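K.L.:
Fold the following and give me the result.
(chains A, B, C and D)
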Number of protein chains: 2
Amino acid sequence: MSANSRLTIAAHVLTWMAMDQESGRVATSDRIAESVQTNPVVIRRYLGELRAAGLVEARRGAGAGWRLTREPAEVTLLDVYRAVEDGPLFAMHATPPNLGCPVGSGIRPALGEVYAGVEERLRAQLAATTIADLLNDIRGSKNG
Amino acid sequence: MSANSRLTIAAHVLTWMAMDQESGRVATSDRIAESVQTNPVVIRRYLGELRAAGLVEARRGAGAGWRLTREPAEVTLLDVYRAVEDGPLFAMHATPPNLGCPVGSGIRPALGEVYAGVEERLRAQLAATTIADLLNDIRGSKNG
DNA sequence: GCTGTCGTAACCAGATCGGTTACGACAAGG
DNA sequence: CCTTGTCGTAACCGATCTGGTTACGACAGC
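P.N.:
Sure thing, here's the model as predicted:
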């Protein structure tokens, strides 16, 4: 699989913000980029998508930065997934198959049913974990 | 998501072979390519991966072609998935995060647990559908 | 106005994937 | 033995995706 780290990065960003918001400091793309170890512009691109999904908001001007719009316990990985991934998990043929062939015409609906079930389960599982869960997990393994 | 059609194509190929083997003709990459509507070399590449997984075998020389090595009812989509997809569904950071940061060091194991659970369910669901199921589905919707 | 940050465009590099051409390897059949 | 048809695979191209980087205008607080 073309391994996709977008969900990982986005979850990292939000978890970092959830932890950082207790410090009273302002979350900027520069500080987040230090934790992810990448370029601030990359972080701003992710934050832009998260903002479009309503998960974060930005303040501009001097002393600008980012803020979570919801409690970390109310943001699930499914919300994050929806924010940064658009297409389906498994795609159909890039160019249509031969519809004159029984398999060519029938394989897409047949696989479509399977894929729909798989994705539904996947989403349900992602919805079962929140940013707060991740934060607790991180703190728990650190203390214990 | 970088929509991946590899599982779709591989399942198409195997389902086509399952249907075609009843005709008594020889399955060649050229004939399969007609149904998928792509280049025969592309099909041979897929068949090469499926052969490495033990799902098909090839005969060379004149009158050469491909054959399924198992009954279609004994080949699941999980077998196909394993044959043509290698990496994990969700990847971790391409370049490691800042391990000096609690989130940077803790996010990977925390997400790793979630991802492992998701993949396990995904595999279980793919294992529940066989090539024979797809073929029956195709024939059923055609007749009904 | 000065300053710091966002917002975004632009370009590059690497990886993945399908599409295509080409050519050697192989085995059946005449 | 040689012709034939297919496999097996390398090589190259182009499209797409993603991250990395530079650059610069927009914005708001001081």
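
K.L.:
Could you check how many residues crowd around the closest residue to DNA strand D within chain A?
P.N.:
Nearest residue of chain A to DNA strand D, counting by C-beta to the nearest atom of the strand: A:Gly61, 1.8 Å away. All C-beta spots, glycine's among them, are computed from the backbone N, C-alpha and C. Applying other C-beta atoms under 10 Å in any protein chain shown, we find 5 residues neighbouring A:Gly61.

K.L.:
Assign it to helix, strand or coil.
P.N.:
coil (DSSP: H, G, I helix; E, B strand; the rest coil).

K.L.:
just A:Gly48 next, same as before
P.N.:
Once three-state DSSP is applied, A:Gly48 turns out helix.

K.L.:
Need phi/psi at the residue of chain A closest to DNA strand D.
P.N.:
Torsion angles at A:Gly61 (phi, psi; degrees, to the nearest 10) stand at phi 80, psi -170.

K.L.:
Get me the contact residues on chain A for DNA strand D.
P.N.:
A:4-6, A:9, A:38-39, A:41-42, A:45, A:59-64 (C-beta under 7 Å from any atom of the strand).

K.L.:
One more pass at 10 Å, please.
P.N.:
A:2-10, A:29, A:33, A:36-46, A:49, A:59-64, A:84-87, A:94 (C-beta under 10 Å from any atom of the strand).

K.L.:
Quick one: mark the members of those residues that sit in helices.
P.N.:
Among the residues of chain A next to DNA strand D, the members falling in helices (DSSP state H) are A:6-10, A:29, A:33, A:36, A:40-46, A:49, A:84.

K.L.:
Mark which of these are buried, thanks.
P.N.:
A:6-10, A:29, A:33, A:36, A:40, A:43-44, A:46, A:49, A:84 (16 or more other C-beta atoms under 10 Å in any protein chain shown).

K.L.:
Of those residues, which pair is most distant in space?
P.N.:
Greatest spatial distance in those: A:Leu7 and A:Pro40, 20.3 Å, computed using C-beta to C-beta.
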